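Visitor: 3D, please:
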Amino acid sequence: MAGLIWYAIAPRALLQEISAGEAEVVHAETTAFIVADAWFALIAVVGGLITGVLGYRILVRRAGAAATAGLVLGAVAAALLALWVGDNIGLGTYNHLLASSPTGAFFHASLVLGAKSTLAFWPLCTSAVILLAETGARRSAQGAARPRHRQASDGPDGLSVD
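Guide: Residues are numbered from 1 along each chain as shown. A predicted model of the protein is given here:
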């Protein structure tokens with residue numbers, strides 16, 4: 001799903017066929033490549049947050065470390081799958097246009113993720129959410145387990161005596 005969303009919303013650079021099977025970017029200073037990478041990063045962050053929150057609520061609280069490892073590995077797989085789908089969904093059309101368009105024809109480039117480091121955003125966000133949730137749960141459990149210290153003015157039942 002993430003790859004399809006990326007394909008649908010990410011901009012593509014405009015190309016012009018300069019000879020048979022060869023095309024150039026029309027506007028050399030286009031930001032389409034950077035914006036497409038930014039969209040992938042945003043989708044990966046949102047995917048990681050959703051995976052972390054739902055995974056913690058449904059799995060980690062019950063199964064512990066094994067569920068955490070599974071969620072992080074699943075997040076890695078989800079990021080790679082999103083990349084593969086987004087990169088390949090328009091590649092056939094692009095290759096067809098590149099091979100069959102006349103010289104001077106305009107068409108859009110296929111999506112390509114330039115910043116491969118954004119693949120790490122999904123598992124990192126998943127891990128961060130699980131870590132924060134587990135830390136918060138342990139702190140609240142420790143706070144509930146501590147006995148309340150009585151002050152000198154407290155009565156035998158812990159209530160303040162005025």
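
Visitor: the helices in this structure, which residues?
Guide: 2-9, 32-55, 61-63, 65-88, 91-100, 121-145 (DSSP state H).

Visitor: out of those, flag the one nearest Gln16.
Guide: Of all these, it is helix 91-100 that lies closest to Gln16, at 11.2 Å by C-beta to C-beta. The C-beta positions use only the backbone N, C-alpha and C, and glycine is treated the same way.

Visitor: in terms of secondary structure, what does that closest one contact?
Guide: strand 106-108 (3 or more C-beta pairs under 8 Å, 6 or more residues apart in numbering; DSSP states H and E).

Visitor: adjacent strands (with direction) for the strand it packs on?
Guide: strand 14-19 (antiparallel) (DSSP bridges).

Visitor: residues of the strand it pairs with that come out buried?
Guide: 15, 17 (16 or more other C-beta atoms under 10 Å).

Visitor: what are the contacting residues of that strand?
Guide: 23-27, 30, 32, 98, 101-109 (C-beta atoms under 8 Å, 6 or more residues apart in numbering).

Visitor: these, buried ones only, as a ChimeraX selection?
Guide: A single ChimeraX command is used to select the members of the contacts of strand 14-19 judged buried by 16+ other C-beta under 10 Å:
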select :23,32,98,101,107,109
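
Visitor: spell out for me which residue occupies the centre of this protein.
Guide: With distances taken as C-alpha atoms, centre = their mean, Ala44 lies nearest the centre of the chain, 1.4 Å away.

Visitor: what pLDDT does that one get?
Guide: pLDDT recorded at Ala44 is 97.

Visitor: in space, what's closest to it - neighbours in sequence excluded?
Guide: Phe121 (3.9 Å; C-beta to C-beta, 6 or more residues apart in numbering).

Visitor: also Ala109?
Guide: Excluding the flanking residues, the one nearest Ala109 by C-beta to C-beta, 6+ apart is Ala13, at 4.5 Å.

Visitor: and that neighbour, how many residues sit next to it?
Guide: 20 (other C-beta atoms under 10 Å).

Visitor: wait, what's in contact with it?
Guide: Ala13 neighbours (C-beta under 8 Å, 6+ apart): 25-27, 30, 32-33, 108-109.

Visitor: go again using 7 Å as the cut-off
Guide: 25, 30, 32-33, 108-109 (C-beta atoms under 7 Å, 6 or more residues apart in numbering).

Visitor: out of those residues, flag the one nearest to Leu131.
Guide: Phe33 (32.8 Å).
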